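# I'd like to go over a predicted model; first the sequence, then the structure.
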Amino acid sequence: MTAVLELRAATRTHGTGPTAVHALRGVDLVVRPGELVAVMGPSGSGKSSLLMLAGGLDASTSGEVLVEGVPLSGLDPAGLASLRRRAVGYVFQELNLLPALTAAENVALPLELDGVPGRAARELALRALDEVELAPAARRFPDELSGGEQQRVAIARALVGDRRLLLADEPTGALDSVTGEAVLELLRARVDAGAAAVLVTHEARHAAWADRVVFLRDGRLVDEARSAVGWTA
Amino acid sequence: MSVKHALLALLCEGPRYGYELKAAFEARTGDAWPLNVGQVYTTLARLERDGHVERDSEDVDGHVHYRLTDAGRRETRAWWDSEVTREAPPRDELAIKLALALTVPGVDVRDVLQRQRTATVRALQTHTRRRARLTSAQRDGTAPAGAGTTAAVLVLESLIFAAEAEVRWLDHCEARLLRTADPNGARP
Ligand SMILES: Nc1ncnc2c1ncn2[C@@H]1O[C@H](COP(=O)(O)OP(=O)(O)OP(=O)(O)O)[C@@H](O)[C@H]1O
Ligand SMILES: [Mg+2]
């Protein structure tokens, strides 16, 4: 089965010479359909950098990133943008909801940008909001929502449509523990239905929902945890 | 903790034989601490010696049932009425190991921390999966009736919170180590 995401010796260096910052150093990672991988590591260890490369939002300095077998370095900006919209759902560490759009419009936006007719996009958006239990807030603007509610809108936006690769950077940050677990359950369900996901988190209790937990230190993957016990008896 | 009080508490529900006690203990506690049957019988023998239980009838299969005495009932009551002591915690191997790793020369503390972090996260994954099995059985109505499943879920969640706290403490140790990378202390 083709990996949904593959990093081959992915390296990201900011700047050059003695002041260069090595955000990622030769990271190898394969994520297959039906797999949820959590990334843990201290602040500054390169977790967000890894997700940026995986989502095609930033380019590796060396090495290669493939999404569904397609090397991102071979795509022109338009091709990259289209792949991002079609295949990748992204929850950023800073939620960037557009303040001038309602919750539903924010969620529908990536679909509309990809040519889904307005009405169909709205319907899908409402369904995604319903999954995060925010359907009643569909017509509200981001500044009319609590931090946790905004976070759930951002999650709905990442889940909307049929994305094969879900990338989430601390998606449970502003959520209380029960809502946080609910988001994890949702992510888990999407993955069990065939998506692939990478979750960056500081919270071990959330990382434990993953099939594998990988640990970053100073831009390198140093270890991996994988329980022998399965999800079903 | 000895299993003594747990067995007394289970016998409050009525007479049981050794294997039944083992099975009931494990079901209520999410299979988190498997008991061997030998341990159960040793404990029952001690409880009988102390007058807390006595032998009841034998069933057709020859199982010896044990039943609570009045003294046993009082002992159980005293257990419910007292708190679990936390002031003098048992020796914590991990804390001791890290304290020594920090002070004995030639140990890479970050490696020790990472190895433990991986192990604890793996345990956390295991608890999380066991809990998911129980909660989905509860949802599908395939879980055995009674409060046993909820009790088992709560025990697993206790392990989940404890493991999470341990990972947080390990992260905290590492952050503190990096900040205080003094030449005489540990090497980061
Ligand atoms: N645009 C940039 N220019 C220079 N350095 C950068 C840039 N982006 C990230 N870095 C550096 O790269 C390293 C990794 O950053 P990254 O954001 O991936 O960390 P992180 O693991 O996500 O941390 P956190 O847990 O705090 O979010 C850090 O040292 C950071 O300062
Ligand atoms: Mg980050």
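Ah, there it is. Ligands and ions are numbered 1, 2, ... in the order given.
# Flag every residue of chain B that's near chain A.
Within chain B, the positions adjacent to chain A are B:110, B:114-115, B:117-130, B:132-133, B:160-161, B:163-164, B:167-168, B:171, B:174-175, B:178 by CB under 8 Å from any CB of the partner chain. All C-beta atoms are positioned from the backbone trio N, CA, C, and that covers glycine.
# B:Glu48: neighbour count?
15 (other CB atoms under 10 Å in any protein chain shown).
# tell me which residues of the helix or strand hosting it are tucked away?
Take DSSP states H and E as the rule and B:Glu48 turns out to sit in helix B:37-49. Buried positions in helix B:37-49, judged by neighbour count with 16 or more other CB atoms under 10 Å in any protein chain shown: B:Val40, B:Tyr41, B:Thr43, B:Leu44, B:Leu47.
# Save those as TSV, and put in pLDDT and distance to ligand 1 too.
Formatted as TSV, the buried residues of helix B:37-49 follow (pLDDT from 0 to 100; distance: CB to the nearest ligand atom, whole Å):
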residue	pLDDT	distance to ligand 1
B:Val40	95	48
B:Tyr41	94	53
B:Thr43	96	49
B:Leu44	96	53
B:Leu47	97	53
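# Closest to chain A out of these?
For the buried residues of helix B:37-49, the minimum distance to chain A (CB to the nearest CB) is 24.7 Å, reached by B:Val40.
# Pretty sure B:Val3 is one of the things that closest one touches, is it not?
Yes - assessed by CB atoms under 8 Å, B:Val40 is found in contact with B:Val3 at 7.2 Å.
# Need the contact partners of the helix holding B:Glu48.
Under the contact criterion CB atoms under 8 Å, 6 or more residues apart in numbering or on different chains, helix B:37-49 has outside partners B:2-4, B:7-8, B:18-19, B:21-22, B:53-55, B:66, B:72.
# Would it be right to say that A:Ala3 lies in a helix?
No - the assignment for A:Ala3 (DSSP: H, G, I helix; E, B strand; the rest coil) gives coil, which keeps it out of a helix.
# what's across from the residue nearest to it when sequence neighbours are not counted in the sheet?
Distances taken as CB to CB, 6 or more residues apart in numbering or on different chains place A:Val30 nearest to A:Ala3, at 4.7 Å, with adjacent residues excluded. For A:Val30, the beta-bridge partners are A:Glu6 (DSSP bridges).
# check contacts around A:Gly63.
A:Leu7, A:Arg8, A:Ala9, A:Ala10, A:Thr11, A:Gly26, A:Val27 are the contacts of A:Gly63 under CB under 8 Å, 6+ apart.
# Give me the next element, helix or strand, following the helix or strand containing it.
If you go by DSSP H and E, A:Gly63 is part of strand A:62-67. Using DSSP H and E, the helix or strand that directly follows strand A:62-67 along the chain is strand A:70-71.
# next helix or strand past that following strand?
Following strand A:70-71 in sequence, per DSSP H and E, is helix A:77-87.
# Parallel or antiparallel, which strands does the very next helix or strand once past that following helix pair with?
Sequence order places strand A:88-91 as the next helix or strand after helix A:77-87, per DSSP H and E. Strand A:88-91 has the following sheet partners, assigned by DSSP bridges: strand A:165-169 (parallel).
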